[in-house]
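K.L.:
based on what follows, work out the 3D shape:
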Amino acid sequence: MYSIRERHSRNIPALSVEDMEKLSRSTVLVVGCGGLGGNIIEHLARAGVGSIIAVDGDVFEESNLNRQILSTAENIGTAKALAAAGRVHAIDPAVSIRPVCEFLTKENAAGLMADADLVVDALDNASARLVLEDAAAEAGLTIVHGAICGWDLQAMLVPPGSGLLHQLYSEDYKPSTKTSLPVTPAICAAIEASEAIRYLCGLETPLKQNLLVGSLSDMSFDIIHFED
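P.N.:
Numbering: from 1, shown residues only. Below you'll find the model as predicted:
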């Protein structure tokens, strides 16, 4: 019989014992270990998700230090996926984390998703997101999408085969600026992690086909619904 470890005792009763058991048996694929992904992985590990696959082919640069929770002055040049694994092991050695020091491609996407129950989009470019959605549709997996720019953020739960990311992005889409603040990825990541936890527990997911858009510059938020 499943029993709650002391480290997860404060999750109760917001989550039930049955919810915690579902999380412990879940595998989440997080694609991107930067500003969004580092925070998301931290939340999932602390919440009690049993297995995480952390994918990122990049290494830390000095410009990452303003917002990426896994980045430190000491690990500049270190692979982001390896830093994610080290962080998870430090938080909870019982969590299984597989670091993949590769960028997502059409060639490796299916293999990365083979054992996953859910995919979390922590990417920073449109073309990779479209590859992610195509592969997730093929695998029958839901995506938790999130994106940030400056003060602004967006998040949505993307059912397999819905094509919602293809509606939001084109292959040649590029943001007007690369500005990134410390607070925006932290908040967007918390929203993504919340949706991921609710999905894995079988709870209602308010952002299913609902795009949450917000700006921390004036604390304005809105929801845009996408039809089936």
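
K.L.:
so where's the protein uncertain?
P.N.:
Along the chain, the model assigns pLDDT under 70 to residues 1.

K.L.:
list the contacts for the spatially most central residue of it?
P.N.:
With distances taken as CA atoms, centre = their mean, the residue of the chain nearest its centroid is Val120 (3.7 Å). Going by CB atoms under 8 Å, 6 or more residues apart in numbering, Val120 touches 28-31, 37, 40, 143-144, 146, 192-193, 196. No exception for glycine: its C-beta is placed from N, CA and C like everyone else's.

K.L.:
swap the cut-off to 7 Å and go again
P.N.:
Residues near Val120 by CB atoms under 7 Å, 6 or more residues apart in numbering: 28-31, 40, 144, 192, 196.

K.L.:
kindly report the same for Gly202.
P.N.:
Contact analysis of Gly202 by CB under 7 Å, 6+ apart lists Lys22.

K.L.:
and the contacts of Val120 as a markdown table, adding distance to Val213?
P.N.:
Converted to a markdown table, these look like this (distance: CB to CB, whole Å):
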| residue | distance to Val213 |
| --- | --- |
| Val28 | 24 |
| Leu29 | 25 |
| Val30 | 22 |
| Val31 | 21 |
| Ile40 | 19 |
| Val144 | 15 |
| Glu192 | 14 |
| Ala196 | 19 |
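
K.L.:
and the residues you listed, which of them are in helices?
P.N.:
40, 192, 196 (DSSP state H).

K.L.:
between the residues you listed, which is closest to Val55?
P.N.:
Closest approach to Val55 among the ones in helices among the contacts of Val120 (CB to CB): Ile40, at 12.1 Å.

K.L.:
gap between the closest one and Val28?
P.N.:
9 Å (CB to CB, to the nearest Å).

K.L.:
for Pro99, same thing?
P.N.:
14 Å.

K.L.:
look at the two and report which has more neighbours.
P.N.:
Val28 (26 against 20; other CB atoms under 10 Å).

K.L.:
what bridges to that one?
P.N.:
Beta-bridge pairing of Val28 under DSSP bridges involves Ile52, Leu118.

K.L.:
tell me who's in contact with it.
P.N.:
44, 49, 52, 116-118, 120, 196.

K.L.:
8 Å - rerun?
P.N.:
44, 49, 51-53, 116-120, 196, 200.

K.L.:
Ile197 now?
P.N.:
15, 23, 43-44, 47, 49.

K.L.:
can you tell me how far it is from Pro159?
P.N.:
17 Å.

K.L.:
the closest residue to Ala73 other than its chain neighbours - how many residues pack around it?
P.N.:
Sequence neighbours aside, Leu65 is the residue nearest to Ala73 in space, at 6.9 Å (criterion: CB to CB, 6 or more residues apart in numbering). Counted with other CB under 10 Å, the neighbours of Leu65 add up to 13.

K.L.:
how about Ser3?
P.N.:
If we define neighbours as other CB under 10 Å, then Ser3 has 7 of them.

K.L.:
how close does it sit to Glu21?
P.N.:
Taking CB to CB, one finds Ser3 at 9 Å from Glu21.

K.L.:
next one: Val95
P.N.:
15 Å.

K.L.:
same check on Tyr2?
P.N.:
From Tyr2 across to Glu21, the span is 4 Å (CB to CB).

K.L.:
more neighbours: which of these two?
P.N.:
A count of neighbours by other CB under 10 Å puts Glu21 above the other of Tyr2 and Glu21, at 18 against 10.
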